[in-house]
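Need coordinates for the following:
(chains A and B)
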2 protein chains.
Amino acid sequence: MSDSVLAVDIGGTKFAAALVGPDGDVRTARRVATPPGGDAHTLWKALDGLISSVVGETSPTGVGIGCGGPMTWPDGAVSPLNMPGWRAFPLRERLAARFPGVPVRIHNDAVCVAAAEHWRGAGAGSANMLGMVVSTGVGGGLILGGRLIDGGTGNAGHIGHVVVDPDGPACGCGGRGCLEAVARGPGLAAWAVEQGWVPGRACGTASGAPHGTAERSGGARGREAAAYVEATAATGRQLALDAAAGDGIALAAMRRAGRAVGLAVASAAHLCDLDVVTIGGGLSQAGPLLFEPLEEALRAHVRLEFARRVRVVPAALGQDAGLVGAAALILAADRYWSPGS
Amino acid sequence: MSDSVLAVDIGGTKFAAALVGPDGDVRTARRVATPPGGDAHTLWKALDGLISSVVGETSPTGVGIGCGGPMTWPDGAVSPLNMPGWRAFPLRERLAARFPGVPVRIHNDAVCVAAAEHWRGAGAGSANMLGMVVSTGVGGGLILGGRLIDGGTGNAGHIGHVVVDPDGPACGCGGRGCLEAVARGPGLAAWAVEQGWVPGRACGTASGAPHGTAERSGGARGREAAAYVEATAATGRQLALDAAAGDGIALAAMRRAGRAVGLAVASAAHLCDLDVVTIGGGLSQAGPLLFEPLEEALRAHVRLEFARRVRVVPAALGQDAGLVGAAALILAADRYWSPGS
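Okay, the predicted model is just below:
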């Protein structure tokens, strides 16, 4: 048996797998595009093939899996929102059957990212940390007292559904004014299009002009904007690029996102007495354009001494974070794995 | 040595002390009014006398203390907001000197209430609980994975400073739109007075009519309302009575408070994946007048399956909660005490 674990990171756009050494060092890592529209079998075959190519003759000492939610936990029957082919798919069970005799553990992908940033990333050395991913969705994981917090059903860390604007935009969860509704890339891009944003106009990196308007409105125009965002390059990443190039509306969108994240972090810092918050994901690439309004909103709302000490830092591990965190479920189980098996 | 611990509960209006048996049974309990405006020595003498009268010839096996914040923790130098006579007063150290050879432990009073409700109250049997106190302030404590969560400085559980209205009223903490700013009794009463509330008009339980107005305003009139609240019977408790008697403005105030609490609970449920939230304190006496709007706001904002399962229940232990929770720091230390000593 080797000294490596197999780490698997399942996302809507790609599958990743790697052998990870005891210190969290990512060895053989491979990625494939998630088969678009794949049914359960197609998705599984793609994953199975990827894993075979990574594992080769190695016998991993365990398997850690990060996967988009929702899922039953710790059983690991997964129904990732953006992978309709898997509904209550017994992912953990399938991998346990493929790797008998070793622990096979699964957690939410954003929880794995948080565990990774705490174990080997920007939150290392802190005992009380929120790890956030601000991207197509807004997710997170919570470490308190030096240990990963699962909550009653493995869903602790859902910072994306902390309410930042009670009368704000409708959220995909069915609620209203969640951080995710405001700050997720597509939501932010839709808002910017409503304000008249023309993606790429500022820096020539994309084309296609919307029938934009600076007048804010909801209803039909909001849906049009969302459809436009779906169909074009009007993504959160493009928004960050345009903001960097000085586009006024894109800058306003970054302020909107930063403020919303800052408010949610303020609430989390008060509730959990946090040392540090790490922020990764596509939108965090905007750097100061996101972090400055974030800090401004945060500092306006954390005034008690204990809350003021919270530090907000960019995540450190990049695209490997999900793999490192999945591996941590096995390699640093004393901190990141609480259930029985 | 007896089988009892000494529990001490230090508040702005009263000091309480009790001997508490191994199962959390409150034996000899006594209360005295907090000496108003007392200096450090006066406050200590009052507490010392109270403790002597409770302890008698008993040798407690430990001492648990709940005290209003802020404090250094776990050292226990206390600076309770509403007791100016104690600033960095070494309360834990004084009691440790008085009871040598046994553990002497301190925590925030609201944290003690949460521990009590989890150990012996409305949250018993749950592993993931937020215990709230909605009264002159709004405080709380957090139990996750069956253990009391301290956070980095012992301040986890500050649900009162979760942001429920980013552009809302200024908060005593220096921030804005905190739950406490909206829902604390005096804040709520001031809001009601601004709306034209005449305390006791609905049920004849108080007298004195303000120069009320149904027009909402801030600034000078807001300060006038706050001063009026200070000087009269315009308390949260009176507001609850008037709401029960059908006063329209008092009812609106209860809806305002309930909605704010519901929003904060929604955020906490998402972040911490809670099983149950217990709500105690003066305002919770309003019963359905508070809990119905609370549930309405909560249910509008928790839509994901894991979050929908959160239950909100009235606290069960009443005025003994603080004592029971202080005792739990000693008697159930495996769950409620994490630091070294």
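
Could I get the CA-only coordinates of the helix or strand hosting A:Ser52 as CSV?
Using DSSP states H and E, A:Ser52 falls within helix A:40-55. Taking C-alpha atoms only, helix A:40-55 is exported to CSV below (Å, rounded to 0.1, in the frame of the first residue of the first chain):
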residue,chain,number,x,y,z
ALA,A,40,-26.0,8.8,-14.4
HIS,A,41,-24.0,6.1,-16.2
THR,A,42,-22.2,8.4,-18.5
LEU,A,43,-21.1,10.6,-15.5
TRP,A,44,-19.9,7.6,-13.6
LYS,A,45,-18.0,6.1,-16.5
ALA,A,46,-16.2,9.5,-17.0
LEU,A,47,-15.3,9.6,-13.4
ASP,A,48,-14.3,5.9,-13.3
GLY,A,49,-12.0,6.4,-16.3
LEU,A,50,-10.4,9.5,-14.7
ILE,A,51,-9.7,7.7,-11.5
SER,A,52,-8.2,4.7,-13.2
SER,A,53,-5.8,7.0,-15.1
VAL,A,54,-4.7,8.6,-11.9
VAL,A,55,-4.5,5.6,-9.6
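
and that helix, how far out from the chain's middle?
Mean-position distance between helix A:40-55 and its chain equals 23 Å (Cα atoms, centre = their mean, to the nearest Å).

What's the first helix or strand after that helix?
strand A:63-67.

which secondary structure elements does the next helix or strand after that next one contact?
Per DSSP H and E, the first helix or strand lying C-terminal to strand A:63-67 is strand A:77-78. Packing partners of strand A:77-78 (3 or more Cβ pairs under 8 Å, 6 or more residues apart in numbering or on different chains; DSSP states H and E): strand A:89-90, helix A:91-98. (Each C-beta comes from the backbone N, C-alpha and C, glycine too.)

separation between the closest residue to chain B within the stretch 101-250 of chain A and A:His107?
Relative to chain B, the nearest point of the stretch 101-250 of chain A is A:Gly151 (2.2 Å; Cβ to the nearest Cβ). As judged by Cβ to Cβ, to the nearest Å, A:Gly151 and A:His107 stand 12 Å apart.

Show me which of these two is the more surrounded one.
Neighbours per residue (other Cβ atoms under 10 Å in any protein chain shown) separate A:Gly151 from A:His107, with A:His107 holding more: 30 against 24.

Quick one: residues contacting that one.
Going by Cβ atoms under 8 Å, 6 or more residues apart in numbering or on different chains, A:His107 touches A:65-67, A:73, A:115, A:154, A:325-326, A:329.

Dump the strand or helix carrying it to PDB, restricted to CA.
Take DSSP H and E as the rule and A:His107 turns out to sit in strand A:104-108. Written as PDB, here are the backbone C-alpha positions of strand A:104-108 (Å, rounded to 0.1, in the frame of the first residue of the first chain):
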ATOM      1  CA  VAL A 104     -14.100   6.500   1.700                       C
ATOM      2  CA  ARG A 105     -15.400   9.900   2.900                       C
ATOM      3  CA  ILE A 106     -17.300  12.600   1.200                       C
ATOM      4  CA  HIS A 107     -18.200  16.200   2.000                       C
ATOM      5  CA  ASN A 108     -19.600  19.300   0.200                       C
END
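
Would you mind checking the average pLDDT for that strand?
Taken as a whole, strand A:104-108 has an average pLDDT of 98.
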